[in-house]
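> Could you work out the structure for the sequence below:
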Amino acid sequence: MNRITTLLLALAAAASVSACQTPQQTNALAGGALGAGAGALVGSAVTHGSAGGALAGAAIGAGSGALIGSAATPQPTGQCARWGYDYNGNQVCTAYY
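This is a model prediction of the structure:
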């Protein structure tokens, strides 16, 4: 029971600091999550149900999924038509020509 509580607290702490602020960060997080799930399934299948294979597959899948998700984010083109501020006070472009 104590391990479960510790694990839940660690997951809650990790989720609280993993806020996504830009589309690139959001896509990297989603790609990493999907890659970890797919990698765990493939790693488990290849190693015939071994937990080590699933963990290795999840780690490799998360890293490659995050890289692909981040790189696949379309970059805005054109000049900025309107500037605004995000909740951190950073100036961001909100509309393009």
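> what about the helices in the protein?
Taking DSSP state H to define them, one finds helices in the chain at 2-16, 23-46, 51-71.
> quick one: the second one to helix 51-71, angle?
Spelled out, that is helix 23-46. Orientation check (axes from the mean of the first three to the mean of the last three CA atoms, to 10 degrees): helix 23-46 against helix 51-71 gives 150 degrees.
> Please apply the same query to the first one.
Note on geometry: by the same axes, to 10 degrees, helix 2-16 and helix 51-71 are set 10 degrees apart in direction.
> returning to what we had before: for the helices of the chain, which one sits closest to Gly84?
Gly84 sits nearest to helix 23-46 of all the helices of the chain, at 14.9 Å, using CB to CB. To be clear about C-beta, it is placed using only N, CA and C from the backbone, and glycine gets the same treatment.
> Just the buried positions in that closest one, please.
By 16 or more other CB atoms under 10 Å, the buried positions in helix 23-46 come out as 24-25, 27-29, 31-32, 34-36, 38-40, 42-44.
> Ok, stretch 45-62 next?
For stretch 45-62, a neighbour-count test (16+ other CB under 10 Å) marks Gly53, Ala54, Ala56, Gly57, Ala58, Ile60, Gly61, Ala62 as buried.
> Relative to Asn2, how far out is the first one?
The reference is to Gly53. Per CB to CB, to the nearest Å, Gly53 is found 28 Å from Asn2.
> ditto for the third one
Computed as CB to CB, the Ala56 to Asn2 distance reads 28 Å.
> As CSV, the helices of the chain with mean pLDDT and distance to Ala81 would be great.
Putting the helices of the chain into CSV (pLDDT from 0 to 100; distance: least, CB to CB, whole Å) gives the following:
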stretch, mean pLDDT, distance to Ala81
helix 2-16, 78, 35
helix 23-46, 90, 18
helix 51-71, 91, 26
